[in-house]
Each structure stands twice: as structure tokens, then as C-alpha cells.
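Q: 3D, please:
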Amino acid sequence: MEIDKKIIIKLIKVLEDLKKSIKGIDIDSKDNVLEEEIDLSDKIILKSPIVGTAYLAAEPGGKKFVEVGKKIKKGDTVMIIEAMKTMNHVPSTSDGLVKEICVDDGQPVEFGQKIVILE
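A: Okay, here's the model as predicted:
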């Protein structure tokens, strides 16, 4: 594969012009999305045991397994994760108070993804 030197020279010139045009402008390299930071030091984080689609209720429009502010016990189902047409109930690993549900109903989840935060 041969690279055309004219294209490279033109690209360098365009980049130098761009650099000159933004001189003096502070560019923030971080995303401008503001997220509320939660102190997780005394929290219990429940993570997804498998890859799949998370459902917060047993059926569409049904009662949710957990709500923010609800006390749950070890072994209570917090959600269902569907993987390969199989509905897998995800149990709580400990007792606690639900502080945050980190996924939406019908959202794809990955292995180890934070799904619920307990206090």
C-alpha cells in the first residue's frame, strides 16, 4: 500500500490551521455530562451475573421486583435477565435498602455491570 504524500501534506496543513484557529480557547477533554457522584464506601453493589436483557418486572406493566427505598432480604429477586430466551432471576446477595436501580427495563446488560446499589 502506497500513501500519497500530497494528501499527508494537505492533512498536516489543515491540522495546523485548525490548531491556530483555536489558540487561546480552553478545550475540556472530559465529557460535559454531569453525573451525581455517590459515595460507595458503605454501599453494596449488585452486579449482573450474565449478559442479557434486564427486566424489572415479571411481565410488561407488572409490579416491579424492587423500588428505590424498599427493604429487601438476601435471596429476594431484584430483576430478571433474559439470555438466549431463558429468564434468569437475579437474587440479592445481601439484606439492604435499595438506594439506586442502575438499569432501565428492557436495557441490555453486560457481565459484571452494576445493576442495583443497596445500603
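Q: please make it C-alpha for all contacts and neighbour counts, starting now.
A: Fine.
Q: how about residues contacting stretch 54-64?
A: Residues outside stretch 54-64 that contact it (CA atoms under 8 Å, 6 or more residues apart in numbering): 65-66, 78-82, 103-109.
Q: what mean pLDDT does that stretch have?
A: Average pLDDT, stretch 54-64: 92.
Q: just the CA coordinates for it, please, in CSV.
A: These are the backbone C-alpha positions of stretch 54-64, laid out as CSV (Å, rounded to 0.1, in the frame of the first residue of the first chain):
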residue,chain,number,x,y,z
ALA,A,54,-32.8,-6.7,32.2
TYR,A,55,-36.4,-6.7,33.1
LEU,A,56,-37.5,-5.0,36.3
ALA,A,57,-40.9,-6.9,36.5
ALA,A,58,-42.1,-10.4,35.7
GLU,A,59,-44.3,-9.1,32.9
PRO,A,60,-44.7,-5.9,30.9
GLY,A,61,-46.7,-3.4,33.1
GLY,A,62,-46.4,-5.7,36.1
LYS,A,63,-45.3,-4.9,39.6
LYS,A,64,-41.5,-4.2,39.8
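Q: which residues touch Ile72?
A: Ile72 touches 66, 92, 95-98, counting by CA under 8 Å, 6+ apart.
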